[in-house]
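In: turn this into a structure:
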Amino acid sequence: MSRRNIQRSHRKAVIAIASISAFAITLTACSGSGGSEAAADGGGLGTADKHVKITMMSNDAFAETWQEQLVPEFNKAYPYIDVTIDSTPYDSLLAKGLLNGTSPSPDYDLITLDDPWTPQLAEAGVLLDLKSEADQWTEDDYDWDDFNSAPLASSEWDGGQYGVPLRSNLLVMLYNKDLYAKAGLPEPTPELTWDQYMEQAPELVQDTDGDGAVDSWAAGLTWVRGVLSPPFWQTVLNSNGGTLFDEDMNPTFDTDEGVAALQTQVDLLEYAPPGATTYNYNEPLDAFRQGKIATLFTWGSAYKSAAVDSTVTTLTPEQVGIQTMPAGSEGASAHRGIWSGSVFKNSDNPEAAWALLQWMSSKEGELWSSANLGSFPARKSTLASEPAEPWLAPVYTAIQSGFDVAAEGEMWRPRSPDSNAIQEILANETSAAVQGDRTAEEALDRAAAEIKELLEK
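Out: Just a heads-up that it's a prediction; the model follows:
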């Protein structure tokens, strides 16, 4: 991002934070609390006589699991740190984090951040730079260099490291081996291109039971409007060498390549089950688990429920393959999705908070979380290790390949303090094309114009 855009974004962040800060200060004055600054010594790690208490606000999708299963394991190494993980709805996390980070009397020491959020909180100055400001509390064997660059970069901003990856994910292609065999098609490989896939798609629309009616279709993905619907289109664009923005944050997606990528998402509806325009995350996953679609473009974390968990799927690991998404002119494609953990700069106990994040993202912690919680690792050493369960072996291979591809092609959501607003615009306009309200070209022209106007404010 250019210095001009950084300064402009910073001014907007300051204005937004000022209003939130004023509200927080008003609440503090009403409650009679004087607030406090973080302990200069970091607050320590507690003792048998005096435990340290820390609180994390976390996405409600995994907060309860962490509290019940992960915290007791962490306490085996750090028995004097009492951890509370507060379940917070996804839509509330960012705003709640901004409020807490500017409060003179914060309730939380840590926060989990979705992939595009770090720039906004880092620009606001509410997060601890873990490589510089927490270096004195970092274990000698933590090994920053062992992280894959793609997941680690999700919590980097303007030269600082404001978090560490706790739950890694990627857009991948899951495929039903039986349905490919029935269609007489070879199983997908990393070399499969989008053009080849689109040629094969009609053959994957099949009558599998011979009753004369189609009962299995080619593709499933998120077509309904949402902040996670644009990544599919973007992944196709990236695989052909296209980008969302240039170095000065000028939109570069409203091109012939961008239109062709969005048209791919639209055209796949022809080979999807009836009503697929309403597909969000769960609907195509359910269809895949029931053997109704041959290929599912989704987040890799869905693999276990699609292929392993017999309580929700009719398939087995022997029937389900996993690959990076089809290739474009520049090679294979993927799309990064990372939940990172960050420490609030106004925490009273930053040393204990960083100890929790270090353990969760350490080699030891990643191995435990992978084996016991099914979380995908971010470390190269973990992904190269023999997994606890045999079904994870092909998943690890695909995830490592996907990280390499994502890093090379910068396949991730916008990196900007305005990333949420940008993603909303992209979701609105790409969805309009999918739903048939606009052509792909019209949708991307409108998105580019709206984003330019947003960034000029």
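
In: tell me how far the nearest residue to E389 once chain neighbours are set aside lies from T311.
Out: Nearest residue to E389, sequence neighbours excluded (CB to CB, 6 or more residues apart in numbering): A371, at 7.4 Å. Bear in mind the C-beta positions are built from the backbone N, C-alpha and C, glycine included. Remark: distance between A371 and T311 (CB to CB, to the nearest Å) = 20 Å.

In: ranges for the strands of the stretch 151-300 of the chain?
Out: 156-157, 160-161, 164-176, 217-220, 293-299 (DSSP state E, counting those that start in this stretch).

In: what number of residues lie near W412?
Out: The criterion is other CB atoms under 10 Å. On that basis, W412 has 25 neighbouring residues.

In: and what of A77?
Out: 13.

In: likewise for A393?
Out: A count of nearby residues for A393, using other CB under 10 Å, gives 12.

In: ok, now R413?
Out: R413 has 24 nearby residues by other CB under 10 Å.

In: host element of it?
Out: For R413, there is no host helix or strand (DSSP states H and E).

In: cool, and K53?
Out: Per DSSP H and E: strand 52-59 holds K53.

In: whichever helix or strand comes after that strand: which residues count as buried?
Out: Next helix or strand after strand 52-59 toward the C-terminus (DSSP H and E): helix 63-65. For helix 63-65, the neighbour count (16 or more other CB atoms under 10 Å) marks A63, T65 as buried.

In: and the helix or strand just after helix 63-65, C-alpha only, in CSV?
Out: Beyond helix 63-65 on the C-terminal side, the first helix or strand identified by DSSP H and E is helix 71-77. Output of helix 71-77 as CSV, limited to C-alpha atoms (Å, rounded to 0.1, in the frame of the first residue of the first chain):
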residue,chain,number,x,y,z
VAL,A,71,-7.3,-24.9,28.2
PRO,A,72,-6.8,-27.9,30.5
GLU,A,73,-4.0,-29.1,28.2
PHE,A,74,-2.4,-25.7,28.3
ASN,A,75,-2.6,-25.7,32.1
LYS,A,76,-0.4,-28.8,32.3
ALA,A,77,2.4,-26.5,31.1
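
In: hmm, who's touching helix 71-77?
Out: I81, V83, I85, L356, W359, M360, G365, W368, N372 (CB atoms under 8 Å, 6 or more residues apart in numbering).

In: of the residues you listed, grab the buried ones for PyMOL.
Out: Listed next is the PyMOL selection for buried residues among those, using 16+ other CB under 10 Å:
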select buried, resi 81+83+85+356+359+360+365+368
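
In: how about a markdown table for the contacts of helix 71-77, with pLDDT added?
Out: As requested, these are exported to a markdown table (pLDDT from 0 to 100):
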| residue | pLDDT |
| --- | --- |
| I81 | 98 |
| V83 | 98 |
| I85 | 98 |
| L356 | 98 |
| W359 | 98 |
| M360 | 98 |
| G365 | 96 |
| W368 | 94 |
| N372 | 90 |
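
In: okay, the contacts of helix 71-77 in TSV with distance to G321 next?
Out: Shown next, in TSV, are these (distance: CB to CB, whole Å):
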residue	distance to G321
I81	42
V83	38
I85	35
L356	36
W359	34
M360	30
G365	29
W368	27
N372	25
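
In: check the contacts of helix 71-77 against V227 and report the nearest one.
Out: Distance to V227, by CB to CB, is smallest for I85 among these, at 23.7 Å.

In: helix or strand right after the strand or helix carrying that closest one?
Out: Take DSSP H and E as the rule and I85 turns out to sit in strand 81-88. The helix or strand immediately downstream of strand 81-88 is helix 90-101, counting by DSSP H and E.

In: who's in contact with E318?
Out: K177.

In: now swap in M411 and tell me
Out: Q234, T235, N238, S333, A334, H335, R336, V405.

In: next up, the contacts around the second one.
Out: With CB under 8 Å, 6+ apart as the criterion, the residues that contact T235 are L171, M325, S333, A334, H335, M411.

In: phi, psi for the last one please.
Out: It refers to M411. In terms of degrees, to the nearest 10, the main-chain angles of M411 are phi -90, psi 90.

In: contacts only, for P89.
Out: Applying CB under 8 Å, 6+ apart to P89 gives the contacts D60.

In: run the last query once more with 10 Å
Out: N59, D60, A61, K96 (CB atoms under 10 Å, 6 or more residues apart in numbering).

In: do L185 as well
Out: By CB under 10 Å, 6+ apart, L185 lies in contact with Y175, L179, Q200, E203, L204, A294.

In: for PyMOL, what selects the buried ones among those?
Out: Those of the contacts of L185 that count as buried under 16+ other CB under 10 Å are selected in PyMOL with:
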select buried, resi 175+179+200+204+294
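
In: and which of the contacts of L185 is nearest to T278?
Out: A294 (19.9 Å).

In: wait, the closest one sits on D215?
Out: No - contact criterion CB atoms under 10 Å: A294 and D215 do not qualify, at 11.9 Å.

In: common neighbours of the two, please.
Out: Jointly contacting A294 and D215 under the rule CB under 10 Å, 6+ apart are V205, Q206.

In: measure the residue nearest to E389 to E364 for me?
Out: Distance of A371 to E364, computed by CB to CB: 11 Å.

In: and V126, by the same measure?
Out: From V126 across to E364, the span is 29 Å (CB to CB).
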